[in-house]
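>>> 3D model of this:
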Amino acid sequence: MSRKLDVTVLIDWSAVPDKDPEFLSVPENPTTEYHVIGALRRLGHKVSILPVEDSIRKIVAVLTRREPDLVFNLTEQFGGDRRFDKNIAALLEILEIPFTGSGVMGLALCRDKRLCKQLLSLHRIRVPGFVSLPLSAPIHVPRAARYPMVVKPAFEDSSEGISNASLATNEVALAERVRFVHEGWQQAVIAEEYIEGRELYVGVLGNKKLVVLPIRECFFNSDEAGGPQMATYRVKFNEEYRKKWNITFGFARLDPTIIRNVERVCKKVYRVLQIRDYGRIDLRLTPDNRLIVLEANPNPDVAYGEELAEAAEKSGLSYDQFIARILHLTLRRYAGD
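Here you go, the predicted structure:
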């Protein structure tokens, strides 16, 4: 991209370092915000940073004054509630400011895990069997429910609220975990059938034309009893825990036929859920080669070294080129291409 842009990076207030609010230095453990802002600057764009606090008026005032060419949207919540990520997108849409990533509809359809799975099922996309367990309602699980079941907060992401204890093997254990999540997260719960198989992460780039990036996999290498067999919060974010259980991330080795099926399913999920510019689909590949969609993430981490950037690099895009591609896709979408 030769055109130099005036880009405002919208970030969560909690992501702003006290001693470096302009993200000018590089810390020992740089965050997503450092990676993206650094790439934008290396690409020659004029970068301003807007932390999202609890004041809509301030956001409107700053964006109206700056009039950026584009907003790189890295927000994940508003007022501490992840369910309001779509409201930030709605505000940007009302202000008619181009912004990266999914819009209101895509964020809303993916945020509620129950709605997401219902919609995918209607489009004949395989998802785990599940039950919805609302907050402040009696816990009722159909007798036909198949155990073990994974108990999750309905509106969180990044495996928030998911641990080995989330895997319930009977109705008593399930009810106990549901109460724990209700009390701790103050939101509805989804309990879904545990799917045995390989865990795959699939990045997708594009809008009208979709590109499926090389497939990543979480390898559960330990045969010890009690070892994790799903991507819990600690599996994703605790390096020492991964070392203990010999859990690694890498690129999946799959038969070409399975790769084509993965690409077909992920493109369909991406379109059904109205994901834009970039996204990630998480699946399980069962021992009999069925693909079961676990999650769809319209706002995956785009930090250097994370799943999406690693897959993009495998496909031939450096990190800066990956960020430039997101900008390019966004601008083309607003241009109607």
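
>>> What ranges in the chain fall below the confidence cut-off?
1-2, 223-226, 337 (pLDDT under 70).

>>> any idea where the helices of it begin and end?
Assigned by DSSP state H, the helices in the chain fall at 32-42, 56-66, 85-95, 104-111, 113-122, 171-185, 233-237, 239-245, 256-272, 307-314, 319-335.

>>> now what about the first one, what contacts it?
Contacts of helix 32-42 with the rest of the structure, by C-beta atoms under 8 Å, 6 or more residues apart in numbering, involve 7, 9, 11, 15, 23, 26-27, 30, 47, 49, 72, 74, 301-304, 306, 319-320, 322-324. To be clear about C-beta, it is placed using only N, CA and C from the backbone, and glycine gets the same treatment.

>>> hmm, back to that, which of the helices of the chain sits closest to A145?
Nearest of the helices of the chain to A145, taken as C-beta to C-beta: helix 171-185 at 8.0 Å.

>>> Tally up the residues packed near P68, please.
22 (other C-beta atoms under 10 Å).

>>> residues in contact with it?
Residues in contact with P68 (C-beta under 8 Å, 6+ apart) are 5-8, 48, 97.

>>> try V212
By C-beta under 8 Å, 6+ apart, the neighbours of V212 are 202-204, 262-263, 266-267.

>>> just to revisit the earlier point, going by neighbour count, which of the contacts of P68 are buried?
Buried members of the contacts of P68, scored by 16 or more other C-beta atoms under 10 Å, are 5, 7-8, 97.

>>> Quick check: the closest residue to G203 other than its chain neighbours vs K236, distance?
Nearest residue to G203 in three dimensions, chain neighbours excluded: L213, at 3.9 Å (C-beta to C-beta, 6 or more residues apart in numbering). Here L213 is placed at a distance of 19 Å from K236 (C-beta to C-beta, to the nearest Å).

>>> Which residue of these two possesses the greater neighbour count?
Between L213 and K236, counting by other C-beta under 10 Å, L213 is the more crowded of the two (25 against 18).

>>> Against I323, how distant is the more buried one?
Counting by C-beta to C-beta - L213 and I323 are separated by 14 Å.

>>> What residues does the nearest residue to E199 once chain neighbours are set aside make contact with?
Residue nearest to E199 in three dimensions, not counting chain neighbours: C218, with 4.4 Å by C-beta to C-beta, 6+ apart. Neighbour list for C218: 199, 201, 231, 235, 247-249 [criterion: C-beta under 8 Å, 6+ apart].

>>> ok, now L70?
5-8, 97-100, 327, 330-331.

>>> Of those residues, which belong to strands?
6-8 (DSSP state E).

>>> from those residues, which single one is nearest N289?
N289 lies nearest to V7 out of the ones in strands among the contacts of L70, by C-beta to C-beta, at 43.2 Å.

>>> so how far is T330 from the residue lying closest to the closest one once chain neighbours are set aside?
Leaving aside its chain neighbours, V7 sits nearest to H45 (4.9 Å; criterion: C-beta to C-beta, 6+ apart). Separation of H45 from T330 (C-beta to C-beta): 13 Å.

>>> sorry, back to before: please produce a markdown table containing the buried ones among the contacts of P68, extended by distance to A144.
Formatted as a markdown table, the buried ones among the contacts of P68 follow (distance: C-beta to C-beta, whole Å):
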| residue | distance to A144 |
| --- | --- |
| L5 | 54 |
| V7 | 51 |
| T8 | 51 |
| I97 | 48 |
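
>>> Nearest to L119 among those residues?
Nearest member of the buried ones among the contacts of P68 to L119, counting by C-beta to C-beta, is I97, at 28.2 Å.

>>> was I right about that closest one contacting V60?
No - with contact defined as C-beta atoms under 8 Å, I97 does not reach V60; the gap is 10.3 Å.

>>> mind checking how far the residue nearest to E199 is from L283?
C218 is 11 Å from L283, by C-beta to C-beta.

>>> and what of F249?
According to C-beta to C-beta, F249 and L283 sit 15 Å apart.

>>> More neighbours: those two, which one.
Using other C-beta under 10 Å as the criterion, F249 and L283 rank with L283 on top: 26 against 17.

>>> check contacts around the more buried one.
If you count contacts by C-beta under 8 Å, 6+ apart, then L283 has 199-200, 202, 262, 265-266, 291-294 around it.

>>> Adding neighbour count and distance to I162, write these out as a markdown table.
Shown next, in a markdown table, are those (neighbours: other C-beta atoms under 10 Å; distance: C-beta to C-beta, whole Å):
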| residue | neighbour count | distance to I162 |
| --- | --- | --- |
| E199 | 21 | 13 |
| L200 | 21 | 17 |
| V202 | 30 | 20 |
| V262 | 20 | 23 |
| V265 | 20 | 23 |
| C266 | 27 | 22 |
| L291 | 20 | 21 |
| I292 | 20 | 17 |
| V293 | 24 | 17 |
| L294 | 20 | 11 |
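
>>> Inside strands: which ones of those residues?
Judged by DSSP E, strands contain the following of the contacts of L283: 199-200, 202, 291-294.

>>> tell me the two of those that are most distant?
Longest span within the ones in strands among the contacts of L283, C-beta to C-beta: V202 and I292, 12.9 Å.

>>> What is the nearest of the contacts of L283 to V178?
L294 (19.1 Å).

>>> from memory the closest one sits against R284, does it?
Yes - with contacts counted by C-beta under 8 Å, L294 reaches R284, the gap being 6.0 Å.
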